[in-house]
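Visitor: Sharing a model prediction with you, sequence too.
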Amino acid sequence: MEKLWLSSPFLLEGQVRSVAVEIKAVKKWSLLYFKGIRGGDKLISINGNSIRDFLDYDFYVKDEKLLLEFEHKGKVKLIKISKSADDGIGLEFETYLMDKQQRCKNNCIFCFIDQNPRGMRESIYFKDDDSRLSFLFGNYITLTNLNDEDIDRIIKMHISPVNISVHTMNKELRVKMMKNKNAGNCLDYIKRLADAGIEINTQLVLCPGINDGKELEYSLSELSKLYPAVKSIAAVPVGVTKHREGLFDMPTYTKQTAAEVIRIIEAFGDGFKALTGTRLAYAADEFYLKAEEDMPDADYYESYPQIENGVGMWTSFYDEVSEVLREVNADAVTERKLSLATGVAAYPLIKGVADRMMLLFPELKINVYEIKNDFYGHTVTVAGLLTAQDLINQLKDKQLNGLLILPEVMLKDGGNLFLDDLTVEDVEKALNVNIDTVSADGADLVNKIIG
């Protein structure tokens, strides 16, 4: 570390470098507050390393001896501090990214964002492909926004895991599917990351007749060669809305074609588990629903590595419900009437839970309503893409018993706003009902029903 203090490539005092991130505020009485740094100043580097975003900052600020380079009142200011490894230095920034979010450079034939109707809020149309959000929040990235320097940074910082939207390991096919000439060659980054010991979760958005069948078998084979760095593979079906004017003619999965995908995934998983002890690849719950097949049990999903991708969510939810119901004292359940509403995909699961609870606790009266997606089209069945308008139109003549419980995924970021910009209060007023929300946790649903 002393070498850095003596030989860091800083500018001369007074010169300002163009790359810098603005500081929102400095905590009172912190180390840098006493050094005169304030909100509006800019952080340029730490120990000679340029700071572009929170990833750089979080990595380099952990050293115990720091030489920090700031832009302060239009000039460079150098500050040396010593601290313990876990101490912060008091800087606060506007966002994790510290700069603008990176927009996707692809024009994928299956892109859901392109299938939104006109007239929605601007943020709905933003195509995110920001590697930093993958590291910070688990977003999936395509790698097409990255270059060799970005990969070197991931390896140097050992940022892990990385979540990658692969779609296909066939380079030529990937270029065609994503309409980006670099989409094939950047698959080589996956091997570089794997060789460096970076853990990788992958997803394949499958399109009927395009990257399933033999192409799916090839992708599974190629990704499995990178195990154990590749920790999991999720196959999810393409989402198709009714707003596809001028877009690629994309079919949807049928009972037969969904079953074919399941057979390929399960055959691969059976063989891979026999060799390694893990299945590695899983089909999303939606494939089982489309194929009208029973969901696998909890053991099949092992540690649920892709549950946020809709893989094993159904099984996990039902098991959570069963676990908490075993602990409920029936004598403590009092008379209660309420309603639940959800999307077409989850309706059989939620209806089954409600019927089971009414059988166990006769004091409960629960109405469960299936909401069809008129806004995006009936091929979209998940609750997270339902609008307030569809709720109002389909529930206005229903018996709601004064309380309506909705899945919180219907609301933007767990907040108060639906996709069509109506609020929870708007729906409550239109339906003359009180609304409560529930997470994707079976125990939470049981507790909300019991009250």
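Guide: Received it, and whenever you're ready, just let me know what you need.
Visitor: What count of nearby residues applies to the closest residue to residue 198 other than its chain neighbours?
Guide: Leaving aside its sequence neighbours, residue 198 sits nearest to residue 160 (Cβ to Cβ, 6 or more residues apart in numbering; 4.8 Å). Where you see a C-beta, it was placed from the backbone N, CA and C, and this is true even at glycine. Using other Cβ atoms under 10 Å, the number of residues around residue 160 comes to 16.
Visitor: List the residues that contact residue 283.
Guide: Going by Cβ atoms under 8 Å, 6 or more residues apart in numbering, residue 283 touches 235, 261, 262, 265, 266, 311.
Visitor: May I have the predicted confidence score for it?
Guide: Note on residue 283: pLDDT of 98.
Visitor: Quick check: it vs residue 293, distance?
Guide: Distance check for residue 283 against residue 293: by Cβ to Cβ, to the nearest Å, it reads 10 Å.
Visitor: So which of the contacts of residue 283 belong to strands?
Guide: The strands, defined by DSSP state E, take in residue 235 from these.
Visitor: ok, back up a step: which neighbours do residue 283 and residue 293 have in common?
Guide: Overlap of the contact sets of residue 283 and residue 293 (by Cβ under 8 Å, 6+ apart) consists of residue 262.
Visitor: one step back: for the contacts of residue 283, which ChimeraX command selects only the ones that are buried?
Guide: Command for ChimeraX, covering only those of those found buried under the criterion 16 or more other Cβ atoms under 10 Å:
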select :235,261,262,265,266,311
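Visitor: Turn the contacts of residue 283 into JSON lines, columns for pLDDT and distance to residue 423.
Guide: Formatted as JSON lines, the contacts of residue 283 follow (pLDDT from 0 to 100; distance: Cβ to Cβ, whole Å):
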{"residue": "235", "pLDDT": "98", "distance to residue 423": "36"}
{"residue": "261", "pLDDT": "98", "distance to residue 423": "39"}
{"residue": "262", "pLDDT": "98", "distance to residue 423": "40"}
{"residue": "265", "pLDDT": "98", "distance to residue 423": "40"}
{"residue": "266", "pLDDT": "98", "distance to residue 423": "43"}
{"residue": "311", "pLDDT": "97", "distance to residue 423": "32"}
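Visitor: Narrow the contacts of residue 283 to those in helices?
Guide: Judged by DSSP state H, helices contain the following of the contacts of residue 283: 261, 262, 265, 266.
Visitor: which of those residues lies closest to residue 29?
Guide: Comparing the ones in helices among the contacts of residue 283 against residue 29 with Cβ to Cβ places residue 265 closest, at 56.4 Å.
Visitor: what's around residue 89, how many residues?
Guide: Residues lying near residue 89 (other Cβ under 10 Å) number 21.
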